[in-house]
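Engineer: Just a sequence and a predicted model for now, questions to come.
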Amino acid sequence: MRSTIAVTGVTGFIGKHIVEKLLRQGFRVRALTRKPRTSATDHLVWVAGALEDRRALDELVRGAECIIHCAGQVRGADEDTFISCNVSGSVRLMQAAQESGSCRRFLFISSLAARSPQLSWYANSKHVAEQKLAAMSSPVSLGIFRPTAVYGPGDKELRPVFTWLLRGFLPCLGDPASRLSFLHVSDLSEAVCQWVMQPGAEAGPVELCDGIKGGYSWQRLQELGSAIRGKPVNLISIPLPLLKLAAGFSTLTHRFVGKDPMLTHSKIRELTHRDWSASNARAYECLDWKPEVSLERALREGLF
Ligand SMILES: NC(=O)c1ccc[n+]([C@@H]2O[C@H](COP(=O)([O-])OP(=O)(O)OC[C@H]3O[C@@H](n4cnc5c(N)ncnc54)[C@H](OP(=O)(O)O)[C@@H]3O)[C@@H](O)[C@H]2O)c1
């Protein structure tokens, strides 16, 4: 039997895939959850609580040798919402790891956005979290993954875009020549497993994408969609004022129903950024990993 890994964010899109992969590889998993769970097994123990609850975090990391910190605030109407979860919550989890007596390694699932903290509250919170964790982690060994936009089964953000692309419509945010990149969730989960199985794989922030050099422009996505459907795809430029109007409306309606909005003015700067291309160079150096699912393959085979 393999070692015990504590994982956060397991009830979310990416965390779910990571845990399934770890369990398939024979690891024991302790998983943090804010929702009631009844499906515990010999290999999977649910720990009730949140990043705000230090006692729950102590319980989560008890006996674990590694932590995969995947929980994160990805939507919100103000900066505090992102800072309190992504920064303060991550620091609290690191403190629990340091005091656990068992935990030697900590993998922070950051984001490519951390590379450009000026763009959004989300990007800045991931950047600040990386800095704080790096400054305080000793003696725990810290790994940082910066995945680009992740998609795959269970994703709600990119799925509609790819579905519309294959129906012949591609909404374009910002400059059609902007560079984008993508990563299939199965490749991200595999990279996490490889990190767990390779002590010493910690080497500064590691960008992760599907390996297509230079990424994709909106125009390249349009070409891919056309080639796969055998018919043209309309690239529909969304004017910035319309995007801002939608963000204002979304913020207002989400406030009304008490939920966190994804589309905000802060998010627009991130979505329309000109360069979200990523490089796997560092990942190839420190991990025994190569992505297997290019976006083209995912679109052709419906892997999203
Ligand atoms: N999706 C992407 O394209 C992408 C790209 C790069 C990096 N990332 C990073 O990957 C991680 C997972 O993203 P995702 O797309 O899977 O997001 P998601 O589906 O929204 O999942 C977020 C997870 O974090 C948990 N969580 C949030 N706040 C928490 C708190 N205060 N205490 C405990 N748990 C909390 C959520 O729990 P509940 O279920 O209880 O809400 C959920 O399990 C995030 O850190 C995100 O920044 C995502």
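Structural biologist: Perfect, I can see it now. All figures in this text were calculated on a predicted structure; none of them were measured in a lab. Numbers count the residues shown, from 1 in each chain.
Engineer: Got the phi and psi for Thr4?
Structural biologist: The phi and psi torsions at Thr4 (degrees, to the nearest 10) take the values phi -100, psi 130.
Engineer: from memory Asn86 sits against Lys126, does it?
Structural biologist: Yes - with contact defined as C-beta atoms under 8 Å, Asn86 reaches Lys126; the gap is 5.9 Å. Where you see a C-beta, it was placed from the backbone N, CA and C, and this is true even at glycine.
Engineer: who touches both of these two?
Structural biologist: Common contact partners of Asn86 and Lys126 (C-beta atoms under 8 Å, 6 or more residues apart in numbering): Gly72.
Engineer: just the strands in the stretch 151-300 of the chain please.
Structural biologist: 169-173, 182-184, 205-208, 234-238 (DSSP state E, counting those that start in this stretch).
Engineer: In the second one, which residues are buried?
Structural biologist: Of all the residues in strand 182-184, those buried under the rule 16 or more other C-beta atoms under 10 Å are 182-184.
Engineer: How about residues contacting it?
Structural biologist: Contacts of strand 182-184 (C-beta under 8 Å, 6+ apart): 147-152, 158, 208-210, 215-216, 291-293, 295, 298, 303-304.
Engineer: for stretch 264-282, same thing?
Structural biologist: Applying C-beta under 8 Å, 6+ apart, the set of residues contacting stretch 264-282 is 76-77, 79, 112-113, 116, 119-123, 146, 148-149, 173-175, 177-181, 203-209, 211, 214-215, 240, 243-244, 247-248, 250-251, 291.
Engineer: Could you do stretch 207-215 as well?
Structural biologist: By C-beta under 8 Å, 6+ apart, stretch 207-215 touches 112, 115, 145-148, 179-184, 187-188, 191, 276-280, 282-283, 290-291, 293-295.
Engineer: and Val206, bridged to which residues?
Structural biologist: Beta-bridge pairing for Val206 (DSSP bridges): Phe145.
Engineer: Once you drop chain neighbours, what's closest to Pro291?
Structural biologist: Leaving out its chain neighbours, the residue that sits closest to Pro291 by C-beta to C-beta, 6 or more residues apart in numbering is Asp187, at 4.1 Å.
Engineer: doesn't Leu287 make contact with the one you found?
Structural biologist: No - using C-beta under 8 Å, Asp187 makes no contact with Leu287, being 11.2 Å away.
Engineer: Stretch 29-40 and the ligand in contact?
Structural biologist: Yes - part of stretch 29-40 sits near the ligand under the criterion C-beta under 6 Å from any ligand atom, namely 32, 34-35.
Engineer: neighbour-wise, which of those leads?
Structural biologist: In terms of neighbours by other C-beta atoms under 10 Å, the residues of stretch 29-40 next to the ligand top out with Leu32 at 28 neighbours.
Engineer: For my notes, confirm that one occurs in a helix.
Structural biologist: No - counting by DSSP: H, G, I helix; E, B strand; the rest coil, Leu32 is not part of a helix but strand.
Engineer: Could you name the helices and strands sitting against the lowest-mean-pLDDT helix or strand in the chain?
Structural biologist: Lowest on mean pLDDT, DSSP states H and E among the helices and strands of the chain sits helix 240-257, with a mean of 93. Secondary-structure packing of helix 240-257 (3 or more C-beta pairs under 8 Å, 6 or more residues apart in numbering; DSSP states H and E): helix 265-271.
Engineer: Only C-alpha atoms, please: export the helix it packs on in PDB.
Structural biologist: Taking Å, rounded to 0.1, in the frame of the first residue of the first chain, the C-alpha atoms of helix 265-271 are listed here in PDB:
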ATOM      1  CA  HIS A 265     -14.600  43.700 -14.600                       C
ATOM      2  CA  SER A 266     -11.500  42.300 -12.900                       C
ATOM      3  CA  LYS A 267     -11.900  39.000 -14.800                       C
ATOM      4  CA  ILE A 268     -12.300  40.700 -18.200                       C
ATOM      5  CA  ARG A 269      -8.700  42.000 -18.000                       C
ATOM      6  CA  GLU A 270      -7.600  38.400 -17.500                       C
ATOM      7  CA  LEU A 271      -9.800  37.000 -20.300                       C
END
